[in-house]
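>>> For reference, the sequence and a predicted model appear below.
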Amino acid sequence: MPKLPTYQTDHQTITFNNSNRQIQLTIITPEIIRVSENRGDHGASYAIEGDKETTTTYTVKQQPDHYEITTTALTIKVDAAMHIDAYDANSNPLVTDYRGSRTPLDRGIDEEHKKFVQEEGHNVPGADDQNNPDYFQVVKDLAPDEQIYGLGDKTGYLNKRGYEYDDWNTDNPAPHLENFTRLYKSIPVIIGLKAGHPYGLFFDNPYRSHFDFGKENPNYYFYSAEAGNLNYYLIGGKTLKDIVTNYTYLTGRTPLPQKWTLGYQQSRWGYSASQKMVQDIVDSMHKYDLPFDVIHLDIDYMRGYRVFTWNDEAYQGNPQKFVTDLKATGTKIVAIIDPGVKKDPGYNIYDQGIKNDYFVKDPAGNVYVNQVWPGDAVFPDFGRRAVQKWWGKNDQFLTDMGVAGIWNDMNEPASFQGEIPQDIVFSDHDQPSTHKKMHNVYGHNMAKATYDGVKRATGRRPFVITRAAYSGTQKYSTVWTGDNHSIWPHLQLLIPQLCNLGISGFTFAGTDIAGLGSDATPELLTRWIEAAIFSPLLRNHSAMGTRAQEPWAFGEPTLSIYRKFLKLRYRFIPYLYDLFAKESKNGLPLMRPLVLNYEDDPRVRNINDQYLVGDAILVAPIVQPSQTKRLVYLPAGKWIDFWNHREYDGQQDIVVDAPLDKLPMFIKQGTILPWGAEVDHISETPDSTMAFNVYGDSGSYHHYQDNGLDFKYQHGEFNDYLVNVDHGQVSVELVHHGFQPYREITVNLNNQPVTLTYNSTTEHYE
Ligand code: GLC
């Protein structure tokens with residue numbers, strides 16, 4: 001029998017040694033175990049901040065041919081060949097090493113023919129570079145009944161099985177279809193269900209990496225990286241929800257946002273070239289009675305695309321007045337900032353960066369230049385604290401103007417003259433490193449710098465949007481899915497894409513509604529606003545040069561339908577905000593794949609055209625042209641049609657009508673939902689009343705309220721209401737009272753309103 005490795009324990013770390021490897025297991029919590037092997041890379045994690053290790057009891061047992069490391073939730077077996085196999089508390093295999101060797105895909109091509117095929121523009125994936133001495137791979141068994149979710153913003157379908165992907169943040173505006181292997185974000189976490197048993201696997205290594213989920217061979221999946229340490233986390237839990245909660249315990253959760261950020265946002269590349277254009281959009285929003293909170297300023301507001309400048313002349317010499325006046329009428333401005341700084345001696349940001357040595361350089365020590373919007377541009381070295389601080393301070397230029405949020409773009413980083421060479425010197429936690437290592441965390445560090453800067457300058461919960469991200473960026477920024485197109489496949493894509501982002505920690509996400517590139521049609525715009533109406537980030541954005549797609553661009557009936565859905569969105573903002581309050585504690589996303597709530601039901605394991613909003617709402621959008629009826633699968637429970645209140649039993653398929661102005665939506669019976677007042681924007685004055693709708697005759701619901709703006713809630717300045725309905729008996733209790741309570745609460749029970757008034761003496765609703 002081969003000899004087992006030796007081992008030593010040091011607190012919660014067990015180090016296994018044999019003649020050629022040293023592998024460590026670290027017990028982080030009973031449900032999270034880290035597997036690592038030092039392969040010479042330095043530097044702390046970008047995804048995980050602070051010490052996540054909690055005191056956990058575990059045992060190490062020696063069996064004849066393996067060791068068993070056991071916590072209350074997980075057992076890891078380590079054998080003589082250092083295979084690592086993880087099991088849940090009932091001995092079900094979760095993540096086990098594949099014992100065979102890989103059989104790379106035969107693509108039926110040799111080097112000579114590859115050239116011709118590529119000349120016509122076809123992409124021929126290369127074999128992975130196993131000759132690279134830094135390369136490593138992790139190959140795990142794939143069970144016949146195994147589904148793989150997560151991985152952030154990748155294209156394709158909810159279940160990633162059968163597909164391959166890369167993590168190398170990429171700006172590619174060609175239509176993102178299921179054969180795209182990489183997009184803007186690297187979020188190397190998979191959330192799996194193996195024969196119905198949930199697990200998570202997080203590969204925390206920023207180097208370029210590759211995932212193959214049974215495409216090469218249905219018996220295994222693998223992860224490989226070009227360099228870096230072997231460093232992955234095995235995550236257990238009783239349910240898929242536990243896995244997401246554990247993963248976001250490690251990498252962090254989206255903090256409670258300002259409430260207005262949940263409002264509708266209108267954008268287009270080109271608007272911001274003049275004050276008049278922006279004002280016209282604002283006026284039209286009012287004229288057409290469309291509720292909204294934000295107008296975005298794309299790159300055109302700057303002086304020659306110089307970041308942290310404003311083309312004052314186009315804003316009557318006083319953009320600050322414009323922004324402040326808009327704010328007074330309830331419209332907030334979010335402005336874009338790209339990382340590329342125009343190479344332009346005399347321009348203060350460039351000069352400061354050069355003087356302080358803040359830009360990345362080539363190995364010979366020359367500041368590295370590539371091209372982005374402003375032409376020749378240089379790139380801040382965001383892996384340095386000092387550079388992050390400087391950048392964050394620059395954001396004050398915008399916040400002082402009254403700008404309410406910052407949109408970070410092009411931070412993969414994108415560059416128009418070819419990719420930045422791998423050897424350009426970028427810092428890694430203040431130590432010299434390379435673009436090769438820092439590429440995938442560039443956007444993360446920029447978003448973090450922006451978050452910190454805005455927080456320092458305003459004291460409010462920063463509203464940052466970023467295109468590039470790494471695991472953990474959710475702590476600092478919301479995300480959008482980048483440059484999609486006005487095509488039906490991209491409307492369909494938003495469901496699995498936002499659902500996978502959600503379970504990968506990024507709940508505050510959205511798509512460019514109706515598509516950035518290509519030309520929208522009235523029907524596409526209509527179905528898109530319907531499908532996306534619960535996406536946390538709700539922004540219509542399009543590229544210069546495409547057909548206009550504002551809500552009024554196609555006249556009627558598009559405008560009226562669009563308005564109807566925006567009004568519906570505002571009714572649900574209190575519910576979405578409640579979900580954020582919960583998410584900031586448990587990491588569970590707002591927009592969810594059905595499998596997250598109903599993992600035992602095989603029918604929901606790859607549903608790509610329905611989603612849940614929290615636990616209570618099931619949405620089944622139309623994602624194809626000319627369709628006016630559709631099949632909807634209702635999972636366990638009883639469901640109530642939102643529009644006609646008809647009741648359905650779950651675990652069945654039903655056919656529903658979906659004329660152009662209808663989004664099929666169902667509410668789970670036994671739920672209570674807050675129902676906001678009809679408003680034209682989210683006011684900064686606290687609401688004095690609130691309504692709740694009851695679906696069924698019993699239920700209970702926690703509702704959260706605070707000022708929706710700053711961090712006072714962290715010091716107890718919030719209310720937690722418990723609304724209870726028991727066979728028609730209504731009660732409301734202030735479980736936590738730290739904020740000015742609603743004067744009046746109305747509970748709508750089968751269309752019979754029950755109104756309770758707050759008695760400030762007894763502190764009860766009566
Ligand atoms: C990028 C962004 C897009 C933006 C454009 C101009 O393509 O993804 O949203 O409009 O740049 O700034």
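Thanks, I have the structure now. Residues are numbered from 1 along each chain as shown.
>>> Alongside the ligand, which residues does the chain contribute?
269, 298-299, 336, 409, 467, 482-483, 516, 541, 543 (C-beta under 6 Å from any ligand atom). (C-beta placed from N, C-alpha, C; glycine too.)
>>> Try it again at 5 Å.
With the criterion set to C-beta under 5 Å from any ligand atom, the chain comes near the ligand through 269, 298-299, 409, 483.
>>> In TSV: those residues, plus distance to Thr181.
Converted to TSV, the residues of the chain next to the ligand look like this (distance: C-beta to C-beta, whole Å):
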residue	distance to Thr181
Trp269	27
Asp298	28
Ile299	28
Asp409	22
Asp483	16
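>>> The residues you listed in helices, which ones?
Among the residues of the chain next to the ligand, none falls in helices (DSSP state H).
>>> Which secondary structure element of the chain has the lowest mean pLDDT?
helix 111-119 (a mean of 87; mean pLDDT, DSSP states H and E).
>>> got the CA coordinates for the following helix or strand past it in CSV?
Using DSSP states H and E, the helix or strand that follows helix 111-119 towards the C-terminus is strand 136-141. What follows is strand 136-141, C-alpha atoms only, in CSV (Å, rounded to 0.1, in the frame of the first residue of the first chain):
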residue,chain,number,x,y,z
PHE,A,136,-1.6,23.8,-12.9
GLN,A,137,-5.0,22.1,-13.0
VAL,A,138,-7.6,20.7,-10.7
VAL,A,139,-9.7,17.9,-12.1
LYS,A,140,-12.8,16.8,-10.3
ASP,A,141,-15.3,14.0,-10.9
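>>> counting contacts, what elements does strand 136-141 pack onto?
strand 93-96, strand 220-225, strand 230-235 (3 or more C-beta pairs under 8 Å, 6 or more residues apart in numbering; DSSP states H and E).
>>> Of all those strands, which one comes closest to Asn693?
Shortest separation from Asn693 across the helices and strands packed on strand 136-141 is recorded for strand 230-235, at 36.5 Å, computed as C-beta to C-beta.
>>> Check what pLDDT whatever residue of the chain ends up closest to the ligand gets.
Proximity to the ligand, evaluated over the chain using C-beta to the nearest ligand atom, is greatest for Trp269 at 3.7 Å. On the pLDDT scale, Trp269 is placed at 98.
>>> What about the residues of the chain next to the ligand, which are in strands?
If you go by DSSP state E, these have nothing in strands.
>>> before we move on, the earlier item: and the contacts of the least confident helix or strand of the chain?
109, 124 (C-beta atoms under 8 Å, 6 or more residues apart in numbering).
>>> thinking again about what came up before, nearest to Asn724, out of the residues of the chain next to the ligand: which one, please.
Asp409 (46.1 Å).
>>> Please give me every residue in contact with the closest one.
Applying C-beta under 8 Å, 6+ apart, the residues near Asp409 are 336-338, 466-467.
>>> For those residues, pick the one with the most neighbours.
Arg467 (27 neighbours; other C-beta atoms under 10 Å).
>>> List the contacts of that one.
Applying C-beta under 8 Å, 6+ apart, the residues near Arg467 are 171, 184, 408-412, 443, 479-480, 482.
>>> Can I get those residues in TSV including pLDDT?
Output for the contacts of Arg467, formatted as TSV (pLDDT from 0 to 100):
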residue	pLDDT
Asp171	97
Tyr184	98
Asn408	98
Asp409	98
Met410	98
Asn411	98
Glu412	98
Gly443	98
Val479	98
Trp480	98
Gly482	98
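>>> Show me which of those residues are buried.
171, 184, 408-412, 443, 479-480, 482 (16 or more other C-beta atoms under 10 Å).
>>> List the contacts of the closest residue to Gly263 other than its chain neighbours.
Counting by C-beta to C-beta, 6 or more residues apart in numbering, Asp293 is the residue found nearest to Gly263 once chain neighbours are left out, at 2.9 Å. Asp293 sits next to 260-261, 263-265, 330-332, 681-682 when contact means C-beta under 8 Å, 6+ apart.
>>> Let me know the secondary structure of the residue minimising distance to the centre of the chain.
Residue closest to the average C-alpha location in the chain (C-alpha atoms, centre = their mean): Phe506, at 2.4 Å. Three-state call for Phe506 (DSSP: H, G, I helix; E, B strand; the rest coil): coil.
>>> Double-check it against Ala469; I have them as touching.
Yes: taking C-beta atoms under 8 Å as the definition, Phe506 is a contact partner of Ala469 at 7.1 Å.
>>> which residues are common contacts for those two?
Common neighbours of Phe506 and Ala469 (C-beta under 8 Å, 6+ apart) are 152, 185, 187, 479.
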